[in-house]
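1. Mind folding the following:
(one chain, ligands or ions: 2)
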Amino acid sequence: MLEVIILAAGEGKRMNSARPKVLQPVGGRPMLQHLVDAARELEPAAIRVVVGAGADQVRAALDGEGLDWVLQAERRGTGHAAAQALPDVSPDARVLVLPGDMPLIRAGTLSRLLQRQADLAVLSFVAGDPTGYGRIIRDRGRVVAIREEKDASDEERRIEEVNSGVLCAGAKDLSAWLDEVGDDNAQGEYYLTDCIGIAAAAGRAVEAVVADSADELLGANDRAQLAGLERVFQARARGELMAAGVTLLDPDSVQVRGPVVSGRDVCIDVNVVLEGRNRFGDEVAIGPGCVIRDCDLAAGTRVEAMSVLEGVRTTGACSVGPFARLRAGTELAEGVKVGNFVETKKARLAAGAKASHLSYIGDADVGEDANIGAGTITCNYDGVSKHRTVIGRLAFIGSNSSLVAPVSVGDEATIGAGSVISGDAPAGQLTLARARQRSVPGWKRPSAGDKK
Ligand code: UD1
Ligand code: CA
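-> Ligands and ions are numbered 1, 2, ... in the order given. Model prediction:
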């Protein structure tokens, strides 16, 4: 039986942040979330998360994930943290300990470590720059200790094989070793890594499994390392998109901050940011500079340059932008066109409806093939409540009209340009609500000579 312990109590001083370290985002999600996801793939009997600094924030951020929370009231080191969780762990369980700041680890790598028969197995890697990591000390190949950077001699610091922080052992053994760990070291902390020396000295089988790819095991103690992890994460996410049949015209410029489910022959232009959960049907095209968050775009949808879409659903091929802002609750059917400088919110546009320029359409239902002229505004807010505007099929709204909601415009109705419509406009008729044009005969412009 397997139980996972994730160490997530540290405040992460080196981040210089008000936010607990494990909530720093990588790929738009907290580092801890990534670890929980990887741990869950191993189907453990429990995932125990040790929290301390910002415990409430951490618990709130991962609420509803079915985790067992353990409080480490004082931060006295990784060994102390693990010891807080162990009393709850079944004595027969194998325990996998994960640091909370190592979000790129994959479940497959963890299961390879779990397959080892050793009494104590740690995952190590060869770091180009080992600074900050615990060094793996070997004697004729056998692992005999892990030395933390601050306690290491100059010679030990030159060792490039380092501790990833992932460790696996039997619960009973781990408890016994942790009982022996002291805090007589440079940081005055109880180091989890001291278990390695203790177990090795007792003649137990200790192994360091060198991972093939160091990228997965990078930890983030400061923002420079966090930026490094982000780069690795992005490269991985782009690779997955391309493998799924998405063209990235300039892969390095695309940022993926959440899961994307994608059809084939989707094309994403430069400088696009994908956030939250997105789903793209076949042949969706996203133009340069767009931000797409939590959208579900049907096959053939085209989003032109510099558009920002959030919570948008399209149900057929339609066209958006350039320079459009579509907010939550926007639903566009087949053949809809939303053009430049148009903002929508909670708006449903039926098939073939068009708002090509300079409009605000909020809390509205727009009928099939309706045409919304430039500068049309739905006045949906009276300062207290929001009201709906209903526009019928084949309605034609003249430019620069205000539709003061709640209001409805009937099927095939026409609204004269510049109207302020505050009462329902009947189907099939022309409705005008604007001052009549008049000309004043004999009127003269004032001239400078008139001035006394
Ligand atoms: C640790 C390892 C080091 C390894 C490195 C890998 C120890 C003593 N050192 O160092 O060998 O190379 O990870 O990234 O284990 N935490 C708690 N409670 C505490 C202290 C820490 O929960 O009292 C948590 C932190 O939130 C963090 C994790 O444990 O998620 C690791 O702690 P951190 O301070 O980052 O350890 P490192 O100095 O990186
Ligand atoms: Ca760390």
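2. Which residue is it, in this structure, that comes closest to ligand 2?
-> Residue nearest to ligand 2 within the chain: Gly219 (4.0 Å; CB to the ion). Heads up, the C-betas are built off the backbone N, CA and C, glycines and all.
3. Pull the contacting residues for that residue.
-> 99, 101-102, 133, 164-165, 225 (CB atoms under 8 Å, 6 or more residues apart in numbering).
4. Also Leu241?
-> With CB under 8 Å, 6+ apart, Leu241 has these contacts: 248, 254, 256, 260, 262, 268.
5. Looking at the residues you listed, which are in strands?
-> Of the contacts of Leu241, the ones assigned to strands by DSSP state E are 248, 256, 260, 262, 268.
6. Return the closest of those with respect to Val126.
-> Val256 (28.1 Å; CB to CB).
7. re the thing from before, of the contacts of Leu241, which is the most crowded?
-> Among the contacts of Leu241, Ile268 has the most neighbours (other CB atoms under 10 Å), with 30 neighbours.
8. Surely that residue and Thr247 touch.
-> Yes: with contact defined as CB atoms under 8 Å, Ile268 reaches Thr247; the gap is 6.8 Å.
9. Within range of ligand 1, give me the residues from the protein.
-> When proximity is defined as CB under 6 Å from any ligand atom, the chain approaches ligand 1 at 7-10, 21-22, 50, 52, 72, 75-78, 80-81, 99-102, 133-134, 146, 148, 162-165, 191-193, 219, 221.
10. how about 5 Å then?
-> Applying CB under 5 Å from any ligand atom, one finds that the chain approaches ligand 1 through 7, 9-10, 50, 75, 77-78, 81, 99-101, 133-134, 163, 165, 191-193, 219.
11. Regarding the chain, what is its longest helix?
-> In the chain, assigned by DSSP state H, the helix with the most residues is helix 223-243.
12. Tell me the buried residues in that helix?
-> Residues of helix 223-243 classed as buried: 225-226, 229-230, 232-234, 236-238, 241 (neighbour count, 16 or more other CB atoms under 10 Å).
13. Return the distance of Asp63 relative to Asp56.
-> For Asp63, the distance to Asp56 equals 11 Å [CB to CB, to the nearest Å].
14. sorry, that was for Ser213
-> 35 Å.
15. quick one, which of these two is more surrounded?
-> The residue with more neighbours, out of Ser213 and Asp56, is Ser213; 12 against 9, by other CB under 10 Å.
16. For the more buried one, list the residues it contacts.
-> Residues near Ser213 by CB under 8 Å, 6+ apart: Phe125.
17. Report pLDDT for it.
-> pLDDT, Ser213: 85.
18. Identify the spatial nearest neighbour of Gly28, chain neighbours not counted.
-> Nearest residue to Gly28, sequence neighbours excluded (CB to CB, 6 or more residues apart in numbering): Arg257, at 2.7 Å.
19. Ala53 contacts Leu7, doesn't it?
-> No: taking contacts as CB under 8 Å, Ala53 lies outside contact range of Leu7: 11.7 Å.
20. Between the two, which has more neighbouring residues?
-> When neighbours are counted by other CB under 10 Å, Leu7 comes out ahead of the other of Ala53 and Leu7, with 30 against 18.
21. how about Arg112, what does it touch?
-> Val209.
22. and what of Pro259?
-> 277-278.
23. Just give me the neighbour total for the residue of the chain found nearest ligand 1.
-> Relative to ligand 1, the nearest point of the chain is Gly134 (2.3 Å; CB to the nearest ligand atom). Residues near Gly134, counting by other CB under 10 Å, number 28.
24. how much space is there between the residue of the chain closest to ligand 2 and Ile5?
-> Taking CB to CB as the measure, Gly219 falls 16 Å from Ile5.
25. need the next SSE after the helix or strand Val342 falls within, C-terminal direction.
-> Per DSSP states H and E: Val342 is located in strand 337-349. Downstream of strand 337-349, the first helix or strand assigned by DSSP H and E is strand 354-366.
26. ok, residues contacting whichever helix or strand comes after that following strand?
-> Per DSSP H and E, the first helix or strand lying C-terminal to strand 354-366 is strand 371-372. Outside strand 371-372, the residues that touch it by CB under 8 Å, 6+ apart are 353-356, 359, 361, 366, 391, 395-397.
27. Any chance of TSV for these, columns distance to ligand 2 and neighbour count?
-> Output for those, formatted as TSV (distance: CB to the ion, whole Å; neighbours: other CB atoms under 10 Å):
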residue	distance to ligand 2	neighbour count
Ala353	53	28
Lys354	54	20
Ala355	51	27
Ser356	53	16
Ser359	51	26
Ile361	49	28
Val366	53	29
Ile391	57	30
Ala395	61	26
Phe396	63	17
Ile397	59	29
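28. Enumerate every residue touching the closest residue to Pro30 other than its chain neighbours.
-> Leaving out its chain neighbours, the residue that sits closest to Pro30 by CB to CB, 6+ apart is Leu23, at 4.5 Å. By CB under 8 Å, 6+ apart, Leu23 lies in contact with 30-32, 54, 57-58, 61.
29. tell me which parts of this protein are close to ligand 2?
-> For the chain, the contact set with ligand 2 under CB under 5 Å from the ion comprises 101, 219, 221.
30. For Pro20, grab the count of nearby residues.
-> Other residues close to Pro20 by other CB under 10 Å number 26.
31. gap between it and Gly100?
-> Counting by CB to CB, the gap from Pro20 to Gly100 is 9 Å.
32. can you tell me the helix or strand for the residue of the chain closest to ligand 2?
-> Applying DSSP H and E, one finds Gly219 in no helix or strand.
33. Just the pLDDT for it.
-> 90.
34. What sits closest to Arg388 if chain neighbours are left out?
-> Nearest one to Arg388, counting by CB to CB, 6+ apart, is Asp363 at 4.8 Å.
35. where does Gly108 land in three-state SS?
-> helix (DSSP: H, G, I helix; E, B strand; the rest coil).
36. circling back to that earlier point, residues that sit against both of Pro20 and Gly100, list them.
-> With CB under 8 Å, 6+ apart, Pro20 and Gly100 have common neighbours 8, 10.
37. Tell me where the stretch 1-150 of the chain has strands.
-> Secondary structure of the stretch 1-150 of the chain (DSSP state E, counting those that start in this stretch): strands at 2-8, 25-26, 29-30, 46-51, 68-71, 94-99, 120-126, 135-139, 142-147.
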